[in-house]
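*Asks:* based on what follows, work out the 3D shape:
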Amino acid sequence: MAKITVLGSGGFGMALALCSYNNGCEVSLWSPFKEEVELLREKRGNEKLLAGITLPDDINITDDISEVEGDTITIIATPSSAVREVAHKLSTCKDIGIVVNVAKGLEKNTLNRLSQVIKEELPSSPIVILSGPSHAEEVARKIPTSLVAASDSLYAAQAVQNILSSNVLRIYTSSDLTGVELGGALKNVIAIAAGICDGLKLGDNTKAALITRGLAEICRLGVCMGAHEATFSGLTGVGDLIVTCMSVHSRNNRFGNKVGSGMDIETALKETGTVEGYYATLMAYELAKKYNIEMPIISKCYDILYKNEDAKTALYDLMSRPGRSEY
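*Replies:* The predicted model follows:
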């Protein structure tokens, strides 16, 4: 029996714990917060994050990270800003198995991908990035979902595929860590822009154009950084972009909607909760400058979120750019 610990008790952490349990694994769910652990043990769920979902009594809920020792797979399911801290805590443990990261983002200041961050803290551990179009609310309810397990180690990617796949969760493998991680991080920025479109009461034409040209920007940067172009046509590119831009489950989209409706950034962040795309916008803007890549949509998102540019002004600036070939 595979032993799995999920580090992070947010919605996606709980959903992955359920998936692992339903596949016959021995599962633990870890949180660093004692009060949260006690509440989860008592309630066996979190109505705010996953309404109507109950964690079986056989899922161990703990704040002791040493319980990862002896794991087949250890899953990091925290916000991207906490990945280095959690990976550092893991470095004190022995025999933690394959380390799987499901957070989608980049590290502030270094601009490193999260697999690079984890590798710095856990140099001897096989690392897999599990990504794709996957809202926790649907994964937890066994709504069919497809993901990609990306790794430098084919063995590790296939092990994750074999252990976590089921008749409602299909996992593909990939060797393109760069493409999979950039797709997962940068689609959050475009999802904020899509939400801004909704807040401005724009139409389907606008959003379709935004998603398409946003994907072109992500692909342009990704290829420059060494990713495979085909990755962005797959689940962790166009797939994740569509679901995050279109779904009411997306915090990035909801945040953008508030901003487009005229709410100030600070209030919108406070009302929405963790918005990975807000931080990814700054990092994507810095990457575009670093690699001298033209990314007009992401640049305008930066201007709106960090320079308080009016959203309508930003939109018409984009529409008024000089004409060019599509490709």
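*Asks:* any idea how far L182 is from the residue sitting nearest the centre point of the chain?
*Replies:* The residue lying closest to the centre of the chain (CA atoms, centre = their mean) is K104, at 2.8 Å. Between K104 and L182 the computed distance is 10 Å (CB to CB, to the nearest Å). C-beta coordinates here come from the backbone N, C-alpha and C atoms, glycine included.
*Asks:* which residue ranges of the protein form helices?
*Replies:* Counting by DSSP state H, the segments of the chain that form helices are 11-22, 34-43, 83-90, 114-121, 136-139, 154-164, 177-199, 204-224, 240-246, 251-260, 265-272, 276-291, 296-307, 311-319.
*Asks:* can you say which of these is nearest to G234?
*Replies:* Among these, the nearest to G234 by CB to CB is helix 177-199 (8.2 Å).
*Asks:* the closest one to helix 251-260, inter-axis angle?
*Replies:* Here the directions of helix 177-199 and helix 251-260 differ by 40 degrees (axes from the mean of the first three to the mean of the last three CA atoms, to 10 degrees).
*Asks:* gap between the closest residue to G256 other than its chain neighbours and T272?
*Replies:* Nearest residue to G256 in three dimensions, chain neighbours excluded: G195, at 2.3 Å (CB to CB, 6 or more residues apart in numbering). Separation of G195 from T272 (CB to CB) stands at 10 Å.
*Asks:* again with A185
*Replies:* Counting by CB to CB - A185 and T272 are separated by 18 Å.
*Asks:* who has more neighbours out of those two?
*Replies:* Taking other CB atoms under 10 Å, A185 and T272 do not tie; A185 has more neighbours (26 against 20).
*Asks:* name all residues that make contact with the closest residue to I192 other than its chain neighbours.
*Replies:* Excluding its sequence neighbours, the residue lying closest to I192 (CB to CB, 6+ apart) is G256, at 3.9 Å. Contact analysis of G256 by CB atoms under 8 Å, 6 or more residues apart in numbering lists 191-199, 277.
*Asks:* quick one: residues contacting the residue nearest to N188 when sequence neighbours are not counted.
*Replies:* In space, and not counting its chain neighbours, N188 is closest to G277: 3.1 Å by CB to CB, 6+ apart. Contact analysis of G277 by CB under 8 Å, 6+ apart lists 188-189, 191-192, 252, 255-256.
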